[in-house]
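Here is a sequence with its predicted model. Questions after.
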Amino acid sequence: MSHKELVVSALENGTVLDHIPAENVYKALDLLDLKDIESQITIGINLASKIHGKKGIIKIADIFFEDEELNKLALIAPNATVNVIRDFKVVEKKKLETPKEVIGIAKCKNPKCVTNHQPIKTKFVTVQEGDKISLKCHYCEKITGIKHAL
């Protein structure tokens, strides 16, 4: 090779999450609960992107996700794409859809909310205005921006 390159091996089977905002890659790992899995995970941060300037990518070997689980990513990466890989080929490309409800993964910022004092799973309805997504608490109806809830 005449240029210095870092070569990442192709994924035989698994899932590629692409076009994640670079600053949200670690949040994406948390949302999908990937920190303790034993499959190989390749993470790229601050990669060049013609559309977004900088992007992140996550490649997960031998793991496939349900749409409901993947759609949680739309909260932090609405323009992310999902590529399903089988035998080194992209067999499916998916766009994310913002979930209507978010259960158990966000925190209500209202200190008086019952979810902050009782062992109750948080539950929110997504509120979308243009590109801005907020969460409305099911219990106290406080509206919180994504950055403050996740």
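Done, it's in. Numbering: from 1, shown residues only.

The worst-scoring helix or strand of the chain on mean pLDDT: how far from the chain's middle?
Taking mean pLDDT, DSSP states H and E as the measure, helix 146-149 is the helix or strand of the chain with the lowest mean score, a mean of 87. When C-alpha coordinates are averaged (C-alpha atoms, centre = their mean, to the nearest Å), helix 146-149 and its chain have centres 13 Å apart.

ok, now stretch 107-125?
Offset of stretch 107-125 from its chain centre (C-alpha atoms, centre = their mean): 22 Å.

Just the buried positions in that stretch, please.
By neighbour count on 16 or more other C-beta atoms under 10 Å, the buried set for stretch 107-125 is 107, 108, 109, 110, 113, 115, 122, 123, 124. In this view, the C-beta of every residue, glycine as well, is placed from N, C-alpha and C.

can you put these in JSON lines and add secondary structure, pLDDT and distance to residue 42?
Listed next are those as JSON lines, based on DSSP: H, G, I helix; E, B strand; the rest coil; pLDDT from 0 to 100; distance: C-beta to C-beta, whole Å:
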{"residue": "107", "secondary structure": "coil", "pLDDT": "95", "distance to residue 42": "29"}
{"residue": "108", "secondary structure": "coil", "pLDDT": "96", "distance to residue 42": "34"}
{"residue": "109", "secondary structure": "coil", "pLDDT": "95", "distance to residue 42": "34"}
{"residue": "110", "secondary structure": "coil", "pLDDT": "96", "distance to residue 42": "39"}
{"residue": "113", "secondary structure": "coil", "pLDDT": "97", "distance to residue 42": "38"}
{"residue": "115", "secondary structure": "helix", "pLDDT": "96", "distance to residue 42": "35"}
{"residue": "122", "secondary structure": "coil", "pLDDT": "97", "distance to residue 42": "31"}
{"residue": "123", "secondary structure": "strand", "pLDDT": "97", "distance to residue 42": "34"}
{"residue": "124", "secondary structure": "strand", "pLDDT": "98", "distance to residue 42": "31"}
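
Quick check: buried residues in the least confident helix or strand of the chain?
By neighbour count on 16+ other C-beta under 10 Å, the buried set for helix 146-149 is 146, 149.
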